[in-house]
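S.K.: Model the following, please.
(one chain, ligands or ions: 2)
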Amino acid sequence: MSRYELPASELTPEEIFRTRRTLLKALGFIGLNAWPLLNACTNYAAQSRDVRGTLVNLKQIQAVRNPAYTLDRPLTDRLEAAGYTNFYEFTQGKEVWRSVDRFLTRPWEVRITGLVKKPLTLSIDELLKLFPQEERHYRFRCVETWAMAVPWTGFPLAALVKRAEPLSSATHLSLLSFLKRDQAPEQGRGRVELWPYHEGLTLPEAMNELAFLATGLYGRELPPQHGAPLRLVTPWKYGFKSIKSVVEIRFTDRQPPTFWSSLAPQEYGFWANINPGVPHPRWSQEQETLLGSGERRRTLLYNGYDGQVGHLYKQVDTRYFF
Ligand SMILES: Nc1nc2c(c(=O)[nH]1)N[C@H]1C(S)=C(S)[C@@H](COP(=O)(O)O)O[C@H]1N2
Ligand SMILES: [Mo]
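M.R.: Ligands and ions are numbered 1, 2, ... in the order given. As a prediction, this is how the structure comes out:
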């Protein structure tokens, strides 16, 4: 079993260790200067800070609500969503917001590379200017069975694909996240060769109306723990497909490797389509628990987006190609 599968409660709390060390330093056990004391103070501030602290100073994003996407459940409370996230670059626990203080998300550039007529490098501000921002209310379902419903702001991935003009040989997109070991502690530990986090889509999936590049949620730019400044959202697929903090979108002529299928191929595949009829090897996928309210719901095929994406998978037997 890989170390990524351990529940957060069984892990050594690295932060506690670090604080103790700086405290010892501050008390003069290890050398004598002003830095340790300063460190101890900032560590203390970081630990006693509330999740709300990560949501202040986020710029508003002007976006028109797209009424085509309506929900069958209430929106998740903003704080509940921000307080319970997956971002393995920073921690294997859910309180990612405690570990993102050093993560710099501006300036930020996104490269469009590979089999395209127009390779592009765009800053996040250029992306925001180039593509009209809209708001979409989407369901979201993690493979671990928690679920949420949030108002994303951003633009369709298809708009970016069209702008890049893929060559006729392009069949897939490979999406890459950042590599910053100094800012993301987990990138320096364990199977370091797997970083940066990477995901993939077929070209028809990327062109599907649902595939979305989010620059914000709840009307403001993304907080770091949700994948600032730009992340993918594919609401018919398990959450791990929705790669955060994207720096490169590469067009290729083959199915790209993905982070989780490289880490645990018997448990996670390329497709990652939400399907209550296909259990995870270690648990059922029939039900989900909504963040915040704790309400239990039956999980829907393709997370309820069968109408939009079902036609893509008529040829794929997802019992075997999960
Ligand atoms: N770069 C990166 N992207 C990532 C992850 C990650 O660890 N690193 N985790 C994924 C998983 S498992 C899920 S469920 C979603 C969670 O999105 P949220 O935390 O914004 O709700 O992000 C996905 N994108
Ligand atoms: Mo997930």
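
S.K.: Next one: the helix or strand harbouring Thr215, is it in contact with ligand 1?
M.R.: Using DSSP states H and E, the element containing Thr215 is strand 212-217. No - applying C-beta under 6 Å from any ligand atom, one finds strand 212-217 out of contact with ligand 1, separated by at least 8.1 Å. In short, each C-beta sits where N, CA and C put it, glycine included.

S.K.: List the pairing partners of that strand within its sheet, with orientation.
M.R.: Strand pairing for strand 212-217, using DSSP bridges, gives strand 146-156 (antiparallel), strand 220-221 (antiparallel), strand 231-233 (antiparallel).

S.K.: any idea what sits nearest Thr202, other than its immediate chain neighbours?
M.R.: Ranked by C-beta to C-beta, 6 or more residues apart in numbering and with sequence neighbours excluded, the top spatial neighbour of Thr202 is His172, at 5.6 Å.

S.K.: and if you look at Pro204?
M.R.: Leu312 (5.9 Å).

S.K.: What count of nearby residues applies to the one you found?
M.R.: Neighbours of Leu312 under the rule other C-beta atoms under 10 Å: 17.

S.K.: On the three-state scheme, it is what?
M.R.: Following DSSP: H, G, I helix; E, B strand; the rest coil, we place Leu312 in the helix state.

S.K.: Can you show me the strands along the chain?
M.R.: With strands called from DSSP state E, the chain shows them at 64-65, 109-114, 120-123, 134-141, 146-156, 172-177, 198-202, 212-217, 220-221, 231-233, 246-252, 287-290, 296-298.

S.K.: Now stretch 97-104: average pLDDT?
M.R.: Here stretch 97-104 scores 97 as its mean pLDDT.

S.K.: scratch that, stretch 120-133 is what I was asking about
M.R.: Across stretch 120-133, pLDDT averages out at 98.

S.K.: OK, contacts around Thr105?
M.R.: Ile124, Pro224, Ala228, Pro229, Ser245 (C-beta atoms under 8 Å, 6 or more residues apart in numbering).

S.K.: and the most centrally placed residue in the chain, what does it touch?
M.R.: Centre of the chain computed as the mean C-alpha position; nearest residue by C-alpha atoms, centre = their mean is Lys244, 3.5 Å away. Residues in contact with Lys244 (C-beta under 8 Å, 6+ apart) are Phe87, Ser177, Tyr197, His226, Gly227, Arg231, Leu232.
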